[in-house]
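**Student:** this one's structure only:
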C-alpha cells in the first residue's frame, strides 16, 4: 500500500499552480489585486520517489521536474490519511481543512448496507449502489469558500465522497463543474461503462469488463492478444483531461479553481500502448502479472512498463496543461519562489 503524495502545483513539484494575467498597469494592480487561478493536482497512489524531482531515475517525469526546478519542493506536504484509495479520508480532509481527529469521514466507507455494492454489473444497472458514504449536507469545502469570492470552481477525476443520489456530490459541495468517477470502486478500471458529467451519467463505448476479472483460462501469458479484454475504447483519463482543459479555456476571463483528482497511477495497470511500448524497450522483458485468486485488478504482460507508462502519461498531460496556461498567458507571473 502506497501513501498518496499530493502537493501544490503538480504533485510533488508544486500541486498548486498560481498565476494571473498581466492585463492592468502596476498602479491598477495595487488598487485592485487580481485573484490567482488555482490548479490542485492530487495523484492517486503516486509514490514520493516515483518522480524525477525526488530521485526517480527510471520513470521519466520531465514536466513535473521542470515545475520543481522553477518552483518549490513541498517536502512536508503530507497526505492526511494512509488509506490506499484514498477515496474518502484524505480527500475529505483536503477539501474541508479538517484535522483527522475532527474529520467526519475517516475511512473508505463503502456503505455496504445498501446492497451488493461491489458488484460491478449491479452498480451499472442501479446507480443507488454507487458511491461512498456521504459527507453531511452542511459540510463547507474549499470550493464553497472560493465561490464566495468570485471563483469558478471545477473538478475532474475521482470524487469518492458521496453517492449520486445524496447531497454529497461535487455539484452540491461547491463545484460548478464535475466530470469523472463518482465512485472509487468504479475507478478500478480505466475503461468504465460510464462516468459522470455534473449530476448525470455519461455512457462510454466500453464493453462490460468488471474490475478484478481474472486472466482468461487457458490463455498464453506470453501472447499480447491474451490481454485484449483489458484495453477497450474510451480511456477515462483522456476524457477527463479534455474536460479539464475545456474548463480552463471557458473560464480564462475570470479566476478559477480546478481540482484535478487524477486516479492515475492507482491500479489497474492500464496505460496508452505507445507509453507501454516505450518502457518495454527501456526495461526489457519481464514476468507477466496475472490476475485471479489473491491477485486483484487486471492482468498485464509487462507490469513494470505499464506502471511507468501511467506515470509518464500523467506527466505528459501535466506538460500539456502547463503549455495551455502559457499560451493563454496565465503563467506570465509565477507565484513560486525561485529555487537557487
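**Tutor:** Perfect, I can see it now. None of the values given here were measured: they were computed from a predicted structure.

**Student:** all contacts plus neighbour counts: C-alpha atoms, from now on.
**Tutor:** Fine.

**Student:** can you map out the strands along this structure?
**Tutor:** Assigned by DSSP state E, the chain shows strands spanning 16-20, 37-41, 152-158, 177-181, 194-197, 200-203, 256-261, 333-334.

**Student:** turn those strands into a markdown table, including distance to residue 114 and mean pLDDT.
**Tutor:** Output for the strands of the chain, formatted as a markdown table (distance: least, Cα to Cα, whole Å; pLDDT from 0 to 100):
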| stretch | distance to residue 114 | mean pLDDT |
| --- | --- | --- |
| strand 16-20 | 37 | 51 |
| strand 37-41 | 32 | 94 |
| strand 152-158 | 21 | 97 |
| strand 177-181 | 19 | 98 |
| strand 194-197 | 21 | 98 |
| strand 200-203 | 20 | 97 |
| strand 256-261 | 26 | 97 |
| strand 333-334 | 48 | 42 |
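
**Student:** need the winner for burial among the ones you listed.
**Tutor:** Burial of the strands of the chain is given as mean neighbour count (mean count of other Cα atoms under 10 Å); strand 152-158 ranks first at a mean of 27.

**Student:** tell me which strands that one pairs with, and in which orientation.
**Tutor:** strand 177-181 (parallel), strand 256-261 (parallel) (DSSP bridges).

**Student:** please enumerate residues in contact with it?
**Tutor:** Strand 152-158 has contacts (Cα atoms under 8 Å, 6 or more residues apart in numbering) with 87, 143, 146-147, 170, 174-184, 187, 237, 240-241, 243-244, 247, 251, 254-263.

**Student:** closest to residue 130 out of the strands of the chain?
**Tutor:** Checking the strands of the chain against residue 130 by Cα to Cα gives strand 177-181 as the closest, at 9.9 Å.

**Student:** and the closest one, how far out from the chain middle?
**Tutor:** Distance, stretch centre to chain centre, for strand 177-181: 11 Å (Cα atoms, centre = their mean, to the nearest Å).

**Student:** quick revisit: so which of the strands paired with strand 152-158 is nearest residue 133?
**Tutor:** For those, proximity to residue 133 was assessed by Cα to Cα; strand 177-181 is nearest, at 14.7 Å.

**Student:** how about the residue lying closest to residue 307 once chain neighbours are set aside, what does it touch?
**Tutor:** When the adjacent residues along the chain are set aside, residue 307 lies closest to residue 269, with 6.2 Å between them (Cα to Cα, 6 or more residues apart in numbering). By Cα under 8 Å, 6+ apart, residue 269 lies in contact with 297, 298, 299, 300, 303, 306, 307, 310.

**Student:** who are the contact partners of the residue minimising distance to the centre of the chain?
**Tutor:** Residue closest to the mean C-alpha point of the chain, counted by Cα atoms, centre = their mean, is residue 262 at 0.8 Å. Residue 262 is in contact with 41, 42, 43, 44, 156, 157, 158, 237, counting by Cα under 8 Å, 6+ apart.
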